[in-house]
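J.: Give the three-dimensional model of this entry:
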Amino acid sequence: TPTFVDNIITDNDQLGIGYWGSATGIARGNRVTGSGLHGIAVNDNAAPLIESNIVTDNEQDGLIYRDNAGGEARENEFLRNGLHGIDVTDDANVTLVGNTSANNGQVGIRLSGNSTGSVRENEIIENSLSGIIIRNDATPTVESNTVQGSEQSGIVYFGNAGGILRYNQSMENGYHGIGLYDNANPIVMGNICSDNEQVGMRFSGEVIAVATDNECTGNGLSGISVRESAQPTLENNVSNYNTNSGISFYGNAGGVVRGNTFLGNGSHGIHVTDEAAPLLEANTCTVNVEAGIAYFGSSGGQAIDNVLVENRWGIYIAADANPTLGNNTFSNNVTDLDDRR
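T.: Next up, the predicted model:
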């Protein structure tokens, strides 16, 4: 159980600090810089406390957990490392809380393999790829983090990754605030995705995730985008004042959109095209520039019990689209229903 406190550790060929076996102990207040591999590496079954260190300019990762490693990293700074600020892989189970991971060459925090644990209250800023990536079969709880200014997306899930994603802020990223791909299926709850250059939340591949009580505001394309064969359940979300639509469906996408609010979007509240066929139920679409709900291509599905107020069209249906409508409420639209079938 070694204790490393207030050391300056620079320019080592491989590691600044390394843990193996069943080591525990504390590394606190150290400055670790210029390592040829990683600033700090935790291997085997080691489970130290990594606290209040400044880990910068290492060739690969600032901090890496491998094998069955555990422990906690809190209130550290991981800056300008060549790959990731923090990398958690294999079967590691760690707690990452209150860290800053900024300006790294790839990802602020990455979890892969079968890793798990808690990622909470971290600030992840201006990394060269994404802020947080969860991939393979990783299932962490990602909670109350701030992710800002990533060159690509803020928070991204790939493969069969899951777990819980809640109460995060993902803003001003170059692509999307949150992206779910492949078969990733975390629970997505209470996140804020604002002012991203493309989409607030994107669901692609075979994703069937549940997303509730999220807010997508001021994004450069749509607030929410559902693509390919994704079939998410989207309930009680708010998607307002996005440049294009509140939510857009493409490809063979579907799923359930229930109890959401789509207000003041630059195109449609809900946009359904290609062969997409979602169930749209009990949503409120208000003051959108074009339609509250718009169907294009060969799209279909159902629109039931929606409230459509002060849009240009309440519902617009292009000639080849074929949705089923039931019991929708129209008020103060320029045209309530424009059905061109």
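
J.: For the rest of this, base every contact and every neighbour count on C-alpha atoms.
T.: Will do.

J.: do you know how far residue 235 is from residue 210?
T.: Computed with CA to CA, to the nearest Å, the distance linking residue 235 and residue 210 is 8 Å.

J.: quick one, which of the two is more surrounded?
T.: Using other CA atoms under 10 Å, the more surrounded residue of residue 235 and residue 210 is residue 235, with 21 against 17.

J.: Output the below-cut-off pLDDT ranges for this protein.
T.: Applying pLDDT under 70 to the chain picks out no residues at all.

J.: Show me where it has its helices.
T.: Counting by DSSP state H, the chain has no helices at all.

J.: What distance do you get for the spatially most central residue of it to residue 311?
T.: For the chain, residue 178 is the residue whose C-alpha lies nearest the centre (CA atoms, centre = their mean; 2.5 Å). Separation of residue 178 from residue 311 (CA to CA): 28 Å.

J.: Phi first, then psi, for the residue lying closest to residue 300 once chain neighbours are set aside.
T.: In space, not counting the residues next to it along the chain, residue 300 is nearest to residue 323; the distance is 3.9 Å by CA to CA, 6 or more residues apart in numbering. As for residue 323, its main-chain torsions (degrees, to the nearest 10) stand at phi -80, psi 160.

J.: for residue 227, same thing?
T.: Note on residue 227: backbone dihedrals following degrees, to the nearest 10 are phi -130, psi 170.

J.: What is the burial count for the closest residue to residue 274 other than its chain neighbours?
T.: Nearest non-adjacent residue to residue 274, counting by CA to CA, 6+ apart: residue 297, 4.7 Å away. Neighbours of residue 297 under the rule other CA under 10 Å: 18.

J.: My guess is residue 304 contacts residue 282. True?
T.: Yes - between residue 304 and residue 282 a contact is recorded at 6.6 Å, counting by CA atoms under 8 Å.

J.: Mind checking which of those two has more residues around it?
T.: Remark: of residue 304 and residue 282, residue 282 carries more neighbours, 21 against 18, as counted by other CA under 10 Å.

J.: That one: what's it in contact with?
T.: By CA atoms under 8 Å, 6 or more residues apart in numbering, residue 282 lies in contact with 258-260, 304-307.

J.: please redo it, this time with the cut-off set to 10 Å
T.: 235-236, 257-261, 303-307, 327-329 (CA atoms under 10 Å, 6 or more residues apart in numbering).

J.: cool, residue 59 as well?
T.: 13-15, 33-39, 80-84, 105.

J.: same thing but 6 Å
T.: Neighbouring residues of residue 59 by CA atoms under 6 Å, 6 or more residues apart in numbering: 36-37, 82.

J.: If we ignore the residues flanking it in sequence, what's nearest it?
T.: In this structure, residue 59 finds its nearest non-sequential neighbour in residue 82, 4.8 Å apart by CA to CA, 6+ apart.

J.: burial count for that neighbour?
T.: Residue 82: 21 surrounding residues under other CA under 10 Å.

J.: Next up, phi/psi of it, please.
T.: Dihedral pair for residue 82: phi -70, psi -30, per degrees, to the nearest 10.

J.: just use 465 as the starting number from now, easier for me
T.: Taking 465 as the first residue, the last one we looked at is residue 546.

J.: where's it relative to residue 704, distance?
T.: Distance of residue 546 to residue 704, computed by CA to CA: 37 Å.

J.: Then residue 789?
T.: 24 Å.

J.: Which residue of these two possesses the greater neighbour count?
T.: residue 704 (28 against 15).

J.: Bridge partners for the more buried one, pull those for me.
T.: Residue 704 has these beta-bridge partners by DSSP bridges: residue 681.

J.: That one contacts residue 725, doesn't it?
T.: No - contact criterion CA atoms under 6 Å: residue 704 and residue 725 do not qualify, at 7.5 Å.

J.: Can you pull the residues that touch both of those two?
T.: Listed contacts common to residue 704 and residue 725 are nil; contacts here mean CA under 6 Å, 6+ apart.
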